[in-house]
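**Student:** Sequence plus the predicted model coming up.
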Amino acid sequence: MFGLPETFSLDAAQLERARLAVQSQVHPDRFASGSDRDKRLAMQMAAQANAAYLTLKNPVQRASYLCERRGVAVQAENNTAMPTEFLMQQMQWREALDELREAADASGLEILRAEVQAQRAQRIEAIRQALDEQNAPQAAAEQVRALLFLDRFVEELRRTADSLPQSSA
């Protein structure tokens, strides 16, 4: 739809330019004097363009889309199998979160969040390599499933930090 290469690596400015170009072609205002059918089609095309843009803008959704285009469904809902090493890391992070929550340790939560964000960046790079360099969509799909966990965990860290009593400084 946007005429961009089917790669995980994506130039955000190029994506934005492509989105604006497509929107200018399918924007419903261009069809204001058209038939009801033309207006309806324009609305559908504009909605599809917006959905495509949001998919490509989000690294997890973009990776999932590219995996599926290459014949591998991520199946995050029913495929939760992960390497033992990652499962052990999850358990350590959860234990640390419980301890930090109990201690109301905001700085400790920030340190843990930074660690998880670093792991997230490593997973995104692994997805890029798997999709753009190795043509390994199965490996990318495994990384996407891990990334989904990391995103949920980062959100849990944020909620926990937000729920801590504010210190008066």
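**Tutor:** Yes, it's here. Numbers count the residues shown, from 1 in each chain.
**Student:** Every contact and neighbour count from this point should use C-alpha atoms.
**Tutor:** Fine.
**Student:** Break down this structure into its strands, ranges please.
**Tutor:** With DSSP state E as the criterion, the chain has no strands.
**Student:** Spatially central, which residue of it would that be?
**Tutor:** Central residue of the chain (Cα atoms, centre = their mean): residue 60, 2.8 Å from the mean position.
**Student:** Please verify my assumption that that residue contacts residue 144.
**Tutor:** Yes - taking contacts as Cα atoms under 8 Å, residue 60 lies within contact range of residue 144: 6.3 Å.
**Student:** residue boundaries of the helices in the chain?
**Tutor:** In the chain, the helices defined using DSSP state H lie at 12-26, 36-57, 59-69, 84-103, 106-128, 137-163.
**Student:** so which of these is the most packed in?
**Tutor:** Burial of these is given as mean neighbour count (mean count of other Cα atoms under 10 Å); helix 59-69 ranks first at a mean of 20.
**Student:** Would you mind measuring from residue 55 to residue 48?
**Tutor:** 10 Å (Cα to Cα, to the nearest Å).
**Student:** JSON lines for the helices of the chain, including distance to residue 77 and mean pLDDT?
**Tutor:** Conversion of the helices of the chain to JSON lines gives the following (distance: least, Cα to Cα, whole Å; pLDDT from 0 to 100):
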{"stretch": "helix 12-26", "distance to residue 77": "29", "mean pLDDT": "90"}
{"stretch": "helix 36-57", "distance to residue 77": "18", "mean pLDDT": "89"}
{"stretch": "helix 59-69", "distance to residue 77": "13", "mean pLDDT": "95"}
{"stretch": "helix 84-103", "distance to residue 77": "17", "mean pLDDT": "95"}
{"stretch": "helix 106-128", "distance to residue 77": "19", "mean pLDDT": "97"}
{"stretch": "helix 137-163", "distance to residue 77": "9", "mean pLDDT": "95"}
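**Student:** Quick one: those helices as TSV, columns for distance to residue 75 too.
**Tutor:** Converted to TSV, the helices of the chain look like this (distance: least, Cα to Cα, whole Å):
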stretch	distance to residue 75
helix 12-26	26
helix 36-57	16
helix 59-69	9
helix 84-103	18
helix 106-128	16
helix 137-163	8
